[in-house]
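1. Kindly generate the corresponding structure for this input.
(one chain, ligands or ions: 1)
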Amino acid sequence: MCFRAGSGSVVHMIEVAELTKRYGATLAVDRLSFTVRPGRVTGFLGPNGAGKSTTMRTILGLDTPNSGRTLVNGKRYAQIRWPLHEVGALLDAAAVHGGRRAADHLYCLARANRIGRARVSEVLEQVGLGGVARKRIGGYSLGMKQRLGVAGALLGDPGVLLFDEPVNGLDPEGIRWIRELMRSLAGEGRTVLVSSHLMSEMALTADHVLVLGRGRLVTETSMADLLAHFRRDVFVRTPKPAELGAALAAAGATVLGEPDGALSVTGCDPVKIGDIAAKRGISVHELTPRSASLEEAYLEITDESVQYRAGLEESVR
Ligand code: ADP
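-> Model (predicted):
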C-alpha cells in the first residue's frame, strides 16, 4: 500500500469553515475558517487553551460543532467509509488500553478498516517498535506510546494526517525523528497538520503556519514570512561608523549608535547597506540581520491587540 500524490481524483485537504464550538460558557473556537493543503507541513500554533485540540477533534468527528463545518477530502468525517485510509491522527498518545499488546491494539484498528496484519508489522517497524510489538502498552514510556500513536495514524496509508502536540514527552532523538517523519510525509504529497504551543518547535517543522488565539485565527502565513516580519534591524560593524551612518541616513535609513561604535540600522536591508558602503569605499566588518527572539515574536502575535494584528496581516500578505 503506497500513497502517491496526485493518484486518483481526490484532493487531499482539510477545510474548516466558520467553525464555532462552545463548552458551556467557554467559547473554545470562534468562527474559525482555514484550509490545509497537501505537500507541506502546516503548523497549528497557539498558546494552551487557544482551541487547537477542539478544532482537531471536530475535524475527526469526536466533537460536534455548534455551528460551521469541517471537511476532510470534501466529506464530513462521519461520511468517510473507511476513515483510516483517508485520515490518520495522533491526538492523545496516552489514551490506549495499557493491558493490550501494541500489535493487538493496531490489529483491532486494522480489522475495523479492512487492513491486513502485514501492514501492522510494517508500521510497527516504521516507527521503531518492531522489537517490542508483543509487549503490553502499560509498560511503554510516553515516547513509545507516541510512536505507537503515530503507527496507528499511518496504518491506512492516509493522504491526510493530524498530529496534536506530537513532540510532548519525547526525548531529543524522538523529537528529531517525528520532525523528519512529518516533513517526509508532506514531501510525499500528503496533507499534514501539526499543532504546537511552541513557536521554536514550529519554526523547525512547519512550512506554513496558522496562528490561533482565543479560538480565532490570528494570522495565516508562510513560516519564512512570519520570521521575516520579526526582523528587527541590521547590526553593522565598520571602522568608519560616522561616515557610513551619514550615508545610510541620507539614503533614508534610521541609524542608531551601539555602545562599541557599531551601528543599528533599520529601514535598509543588508544588501543595500553593503552596496552603499562599497560605493564609498568603506570597509564593513560585520553585517548581521537581527530578529526578535522566537518567543518574543510569539507573544507579540498572540497578543490581543487588534491594531497589531491588522499590521501583521498587511505586512505578510
Ligand atoms: P488547545 O488545544 O489550544 O490547548 P483546547 O481546544 O484544548 O485548546 O481548549 C480550548 C478551550 O476549551 C479551553 O478554554 C479549554 O479549557 C476548553 N475545553 C476544551 N475541551 C473541553 C471540554 N471537553 N469541556 C470543557 N471545556 C473544554
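2. ok, which stretches of this structure are strands?
-> Counting by DSSP state E, one finds strands in the chain at the ranges 14-23, 26-36, 40-45, 67-72, 87-90, 160-164, 191-196, 208-213, 216-222, 231-237, 254-257, 263-266, 286-291.
3. Export these as a markdown table, with columns for mean pLDDT, mean neighbour count and distance to the ligand.
-> (Each C-beta comes from the backbone N, C-alpha and C, glycine too.) Shown next, in a markdown table, are the strands of the chain (pLDDT from 0 to 100; neighbours: other C-beta atoms under 10 Å; distance: least, C-beta to the nearest ligand atom, whole Å):
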| stretch | mean pLDDT | mean neighbour count | distance to the ligand |
| --- | --- | --- | --- |
| strand 14-23 | 97 | 18 | 3 |
| strand 26-36 | 97 | 18 | 3 |
| strand 40-45 | 96 | 26 | 8 |
| strand 67-72 | 96 | 17 | 14 |
| strand 87-90 | 95 | 24 | 14 |
| strand 160-164 | 96 | 24 | 7 |
| strand 191-196 | 96 | 26 | 7 |
| strand 208-213 | 93 | 23 | 7 |
| strand 216-222 | 92 | 18 | 12 |
| strand 231-237 | 89 | 18 | 28 |
| strand 254-257 | 94 | 14 | 38 |
| strand 263-266 | 95 | 18 | 34 |
| strand 286-291 | 89 | 13 | 25 |
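4. Could you pull out the buried residues of stretch 170-183?
-> By 16 or more other C-beta atoms under 10 Å, the buried positions in stretch 170-183 come out as Leu170, Gly174, Ile175, Trp177, Ile178, Arg179, Leu181, Met182, Arg183.
5. which residues sit against that stretch?
-> Applying C-beta atoms under 8 Å, 6 or more residues apart in numbering, the external contacts of stretch 170-183 come out as 41, 128, 142-143, 146-147, 150, 161, 163, 166-167, 192, 194, 204-205.
6. Can you dump the C-alpha atoms of that stretch in PDB for me?
-> Only the C-alpha atoms of stretch 170-183 are listed here, as PDB (Å, rounded to 0.1, in the frame of the first residue of the first chain):
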ATOM      1  CA  LEU A 170       9.700  12.900  23.500                       C
ATOM      2  CA  ASP A 171      13.500  12.900  24.100                       C
ATOM      3  CA  PRO A 172      15.700  14.900  21.600                       C
ATOM      4  CA  GLU A 173      16.200  11.800  19.300                       C
ATOM      5  CA  GLY A 174      12.400  11.200  19.300                       C
ATOM      6  CA  ILE A 175      11.700  14.900  18.500                       C
ATOM      7  CA  ARG A 176      14.100  14.800  15.600                       C
ATOM      8  CA  TRP A 177      12.500  11.500  14.400                       C
ATOM      9  CA  ILE A 178       9.000  12.900  14.400                       C
ATOM     10  CA  ARG A 179      10.000  16.200  12.700                       C
ATOM     11  CA  GLU A 180      11.700  14.200   9.900                       C
ATOM     12  CA  LEU A 181       8.700  11.900   9.600                       C
ATOM     13  CA  MET A 182       6.300  14.900   9.300                       C
ATOM     14  CA  ARG A 183       8.500  16.500   6.700                       C
END
